[in-house]
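Chemist: Have a look at this prediction, sequence included:
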Amino acid sequence: MGAGFSSYALKTVLMHLLNTIPLTQWCRKDFQRRMVDTLKYLRCSLDTKQLKHFVIGNQRFPMEITLPSDFRVAEAPNLFQHLASNPHAHMKAMQEYVHLLQQLQQILT
């Protein structure tokens, strides 16, 4: 990982996808599709400079997991707020995304 993304941000992307893509589509044979989904979600988050916290303020958070009600109704923090307020950080994150994409293409081909 480089300076553009924290492991927490990447885990957050993954958690959002786990919450929206049916578990039956998370098999070994689906690995490349899920990687593409992860990269698309990350790219969209970078483009909008917005990555919402997975737990706080997530109306789609699984009801099976008990949380204080304030967590569900709170406004979700933007984990990419620093990208929205700092053009240089956003540019660096976009470069990091391209680098990550290139590395993954080499691994997967």
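Modeler: Yep, that arrived.
Chemist: which residue ranges form the helices in this structure?
Modeler: Under the criterion DSSP state H, helices of the chain are mapped to 7-20, 31-48, 69-73, 81-85, 87-108.
Chemist: Let me have the ones you listed in a markdown table, extended by mean pLDDT.
Modeler: As requested, the helices of the chain are exported to a markdown table (pLDDT from 0 to 100):
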| stretch | mean pLDDT |
| --- | --- |
| helix 7-20 | 95 |
| helix 31-48 | 95 |
| helix 69-73 | 89 |
| helix 81-85 | 94 |
| helix 87-108 | 91 |
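Chemist: out of the ones you listed, nearest to residue 54?
Modeler: helix 7-20 (4.3 Å; CB to CB). (Glycine included, C-beta is placed from N, CA and C.)
Chemist: Give the burial count for residue 88, as a bare number.
Modeler: 8 (other CB atoms under 10 Å).
Chemist: separation between the nearest residue to residue 37 once chain neighbours are set aside and residue 76?
Modeler: In space, residue 37 comes closest to residue 17 once its chain neighbours are excluded; the distance is 5.6 Å by CB to CB, 6 or more residues apart in numbering. Separation of residue 17 from residue 76 (CB to CB, to the nearest Å): 16 Å.
Chemist: Check residue 39 too.
Modeler: Taken as CB to CB, the span from residue 39 to residue 76 is 22 Å.
Chemist: residues contacting the residue nearest the centre of the chain?
Modeler: Nearest residue to the geometric centre of the chain (CA atoms, centre = their mean): residue 13, 2.0 Å. By CB atoms under 8 Å, 6 or more residues apart in numbering, the contact list for residue 13 reads 38, 41-42, 45, 51.
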